[in-house]
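**Student:** A predicted structure for the sequence below; I have some questions about it.
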2 protein chains.
Amino acid sequence: MSFRDHIRSCNNYDPSRVVPLTAGNARIGLLRRDNAEVLQRFSDVFTVAEQRVELVACGDVAAASRAVDAVVDALVAERRVPKWRNESFDVAPRWGAPPVFRLDRGAVPFFGTRAYGVHLNGYLRQGETLYLWVGRRSPGKQIAPNKLDNLVAGGIGNEHGVGETLLKEGEEEASIPGSLMSRAISAGAVSYRMETRLGIRDDVLFVYDIEMPADFVPENRDGEIVHFELMPVLAVLERIRTTSDFKFNVNLVILDFALRHGLLSPDDPEYLDVATGLHRPLD
Amino acid sequence: MSFRDHIRSCNNYDPSRVVPLTAGNARIGLLRRDNAEVLQRFSDVFTVAEQRVELVACGDVAAASRAVDAVVDALVAERRVPKWRNESFDVAPRWGAPPVFRLDRGAVPFFGTRAYGVHLNGYLRQGETLYLWVGRRSPGKQIAPNKLDNLVAGGIGNEHGVGETLLKEGEEEASIPGSLMSRAISAGAVSYRMETRLGIRDDVLFVYDIEMPADFVPENRDGEIVHFELMPVLAVLERIRTTSDFKFNVNLVILDFALRHGLLSPDDPEYLDVATGLHRPLD
């Protein structure tokens, strides 16, 4: 295990295993070929060709979303897709563009549509030592149960902004009041493209840092985090370098934090792998 | 002009215009096809094939360097390469690997070997305002004369380390004593791949930040910077967004600084272009 291994496993995407999902002339997703094949029988919604799959359902966003959702229902019934039923993500050619349709979060990797999230590094200094607040994910989570996580992290659902999601997740996950969260500082984004059992994760994570008051102890409200712990950053880095205790993408977010705060040395043999491995250019 | 334009112009590399330069099984450079063609007559040093150019000069690093240097002399005589004669760069398959040969800095873009530099963002806070120290490059510079620059920037010559180069350039370019430079914090690297008139720039810039004392005024000693000025960061960003006043790669280094320090908002329509456009993955 090494920093490089975590970066590689989040970027194991192989373009030869995938065809684009298009709407008009725009690419809106990445379908693994086995997933593309499954869509052939839904010919009123998708046209499946050798080199691409096209969304052909007509109508506005609501109509396209309903048509895709009927397909998702069939895929859920066949256990190809774990439907969440509580959260949908906008599907668009790029961030900020009008959505083409809305997709149940559980179906996002199947279609390989880009997903956006927000992660918050909560840190504090005590003497010379920098600490990070680390949460342990609930054993009931669909993704990465029991793994270690940032202080706050969540997906950006449709019609929610970045700052708004940070505020909402901060309250639900760590009881951080808005007055405190206003001190959070945006610090870029981590991006990667990863093949999983379900399909392709094409993820962009907006990253924030917050210096936490020494007397604030985060408390989880929504049951997604079972426990918070303050860990010295250098111990976190050693744990990242040698284990898979942290959720796959949280490794990358914390490496970005460490790099930006001068906690990795340019003499580290993995320094450039980290510095050039956390921000996959968008296409 | 936009942030995106600066990122694009540093990443205008088109793989179809280039063949790899190899040594054994390792790629060590990127030759534009017209440059590769020129090497055909130096068949004791390079074997030029349709899909690659191979270094075939025998011997150790010193012998290979002498053989390539003789080719560089011929290219300089034909004005294909501007020879600097004062600085040579290690050529290796990757950072930290043993060098295959040493190359005059002026010939680096011709062969498209990877070059490493170090850039220092010097900033200070006065009240609520963050300022950056900005230098103006001498009109006599071969590259980007008269353009605006970071407080300190320089190429990493062979056998010099990152921190060592920062220290040396800090003294020469801005009279920053070692005791002050020890406060500099490493903050990652900016990477890009760019075609220029001469060939391919495959650049990695180690980035540092330093909070400067309010009473320190940098003074140039080596004649490369004619003037230093303290500019509000937001004015610098506006100037980057709307002009080409800054040296091409300094735009990227300052955008990285701004992003890391929360000076760009996730609501900025160019936020993700910046966040995912400054760190070309190495290959």
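**Tutor:** Thanks, I have it. Owing to the predicted nature of the structure, the values given are computational and were not obtained by experimental measurement. Residues are numbered from 1 along each chain as shown, chains lettered A, B, ... in the order given.
**Student:** From here on, just use CA atoms for contacts and neighbour counts.
**Tutor:** Will do.
**Student:** Spell out which parts of the stretch 101-250 of chain A neighbour chain B.
**Tutor:** In this structure, the stretch 101-250 of chain A approaches chain B at residues A:162, A:185, A:186, A:187, A:188, A:189, A:190, A:191, A:206, judged by C-alpha under 8 Å from any C-alpha of the partner chain.
**Student:** Which of those residues fall in strands?
**Tutor:** A:185, A:186, A:187, A:188, A:189, A:190, A:191, A:206 (DSSP state E).
**Student:** Of all pairs in the residues you listed, which one is the farthest apart?
**Tutor:** The span of these, defined through C-alpha to C-alpha, is set by A:185 and A:191 at 18.4 Å.
**Student:** Not counting its neighbours along the chain, what's nearest residue A:14?
**Tutor:** residue A:195 (7.8 Å; C-alpha to C-alpha, 6 or more residues apart in numbering or on different chains).
**Student:** hang on, isn't the one you found packed against residue A:201?
**Tutor:** Yes - contact criterion C-alpha atoms under 8 Å: residue A:195 and residue A:201 qualify, at 6.2 Å.
**Student:** Comparing those two, which shows the higher neighbour count?
**Tutor:** Counted by other C-alpha atoms under 10 Å in any protein chain shown, residue A:195 and residue A:201 do not tie: residue A:201 has more neighbours, with 24 against 20.
**Student:** Only the buried residues of whichever strand or helix holds that one, if you could.
**Tutor:** Residue A:201 is part of strand A:200-211, with elements assigned from DSSP states H and E. For strand A:200-211, burial by neighbour count (16 or more other C-alpha atoms under 10 Å in any protein chain shown) applies to A:200, A:201, A:202, A:203, A:204, A:205, A:206, A:207, A:208, A:209, A:210, A:211.
**Student:** ok, which pair from the residues you listed is furthest apart?
**Tutor:** Farthest-apart pair in those is A:200 and A:211; separation 33.9 Å (C-alpha to C-alpha).
**Student:** Would you map the helices across the stretch 101-250 of chain A?
**Tutor:** In the stretch 101-250 of chain A, the helices defined using DSSP state H, counting those that start in this stretch lie at A:108-111, A:162-174, A:178-181, A:233-242, A:248-260.
**Student:** Any stretches of the stretch 1-150 of chain A with poor pLDDT?
**Tutor:** Residues of the stretch 1-150 of chain A meeting the criterion pLDDT under 70: A:85.
**Student:** For it, which residue gets nearest to chain B?
**Tutor:** Taking C-alpha to the nearest C-alpha, chain B has its nearest neighbour within the stretch 1-150 of chain A at residue A:96, 7.5 Å off.
**Student:** what about the residue lying closest to that residue once chain neighbours are set aside, is that helix, strand or coil?
**Tutor:** Distance criterion C-alpha to C-alpha, 6+ apart; nearest residue to residue A:96, sequence neighbours excluded, is residue B:269 at 7.5 Å. The local conformation at residue B:269, judged by DSSP: H, G, I helix; E, B strand; the rest coil, is coil.
**Student:** Now do residue B:269, the pLDDT please.
**Tutor:** Residue B:269 carries a pLDDT value of 96.
**Student:** What separation do you get for it and residue B:145?
**Tutor:** Residue B:269 sits 31 Å away from residue B:145, going by C-alpha to C-alpha, to the nearest Å.
**Student:** ditto for residue A:53
**Tutor:** Going from residue A:53 to residue B:145 by C-alpha to C-alpha gives 50 Å.
**Student:** Equivalent analysis for residue A:130, please.
**Tutor:** 42 Å.
**Student:** what's the neighbour count on the closest residue to chain B within the stretch 51-200 of chain A?
**Tutor:** Closest residue of the stretch 51-200 of chain A to chain B, C-alpha to the nearest C-alpha: residue A:187 (4.4 Å). Here the count is done by other C-alpha under 10 Å, and residue A:187 has 26 residues near it.
**Student:** one step back: pick out whichever of residue A:53 and residue B:145 has more residues nearby.
**Tutor:** Neighbours were counted for residue A:53 and for residue B:145 using other C-alpha under 10 Å; residue A:53 has more, 24 against 15.
**Student:** Tell me how many other residues crowd the nearest residue to the more buried one once chain neighbours are set aside.
**Tutor:** Once flanking residues are discounted, residue A:53 sits nearest to residue A:21: 4.8 Å by C-alpha to C-alpha, 6+ apart. Other residues lying near residue A:21 total 25 when counted by other C-alpha under 10 Å.
**Student:** now residue A:21, which residues is it bridged with?
**Tutor:** residue A:29, residue A:53 (DSSP bridges).
**Student:** Just list the residues touching it, thanks.
**Tutor:** A:27, A:28, A:29, A:30, A:31, A:52, A:53, A:54, A:55, A:111 (C-alpha atoms under 8 Å, 6 or more residues apart in numbering or on different chains).
**Student:** got it, and residue A:153?
**Tutor:** By C-alpha under 8 Å, 6+ apart, residue A:153 lies in contact with A:117, A:118, A:119, A:120, A:166, A:169.
**Student:** nearest to residue B:14, of those?
**Tutor:** Closest to residue B:14, out of all of those and judged by C-alpha to C-alpha, is residue A:117, at 31.6 Å.
**Student:** and that closest one, how many neighbours does it have?
**Tutor:** Other residues close to residue A:117 by other C-alpha under 10 Å number 19.
**Student:** Against residue A:209, how distant is the residue nearest to it when sequence neighbours are not counted?
**Tutor:** Excluding its sequence neighbours, the residue lying closest to residue A:117 (C-alpha to C-alpha, 6+ apart) is residue A:155, at 4.0 Å. According to C-alpha to C-alpha, residue A:155 stands 17 Å off from residue A:209.
**Student:** One more: residue A:70?
**Tutor:** Where residue A:209 is concerned, residue A:70 sits at a distance of 40 Å (C-alpha to C-alpha).
**Student:** do residue A:196 as well
**Tutor:** 28 Å.
**Student:** One more: residue A:190?
**Tutor:** Relative to residue A:209, residue A:190 is positioned 13 Å away (C-alpha to C-alpha).
**Student:** before we move on, what about residue A:89?
**Tutor:** Residue A:89 sits at a distance of 24 Å from residue A:209 (criterion: C-alpha to C-alpha).
**Student:** Might you report the residue contacts of residue A:64?
**Tutor:** So residue A:64 contacts A:57, A:58, A:100, A:101 (C-alpha under 8 Å, 6+ apart).
**Student:** That should have said residue A:83, apologies.
**Tutor:** Taking C-alpha under 8 Å, 6+ apart, we find residue A:83 in contact with A:72, A:73, A:76, A:104, A:105, A:106, A:107.
**Student:** Looking at these, state which has the most neighbours.
**Tutor:** Top of those by neighbour number is residue A:107, holding 24 neighbours under the definition other C-alpha under 10 Å.
**Student:** wait, that one sits on residue A:72?
**Tutor:** Yes - applying C-alpha under 8 Å as the test, residue A:107 and residue A:72 come out as touching, 6.9 Å apart.
**Student:** List the residues that are in contact with both of the two.
**Tutor:** Counting by C-alpha under 8 Å, 6+ apart, the residues touching both residue A:107 and residue A:72 are A:81, A:83.
**Student:** rewinding a little: tell me if the residue of the stretch 1-150 of chain A closest to chain B really is in a helix.
**Tutor:** No - counting by three-state DSSP, residue A:96 falls outside a helix, being coil.
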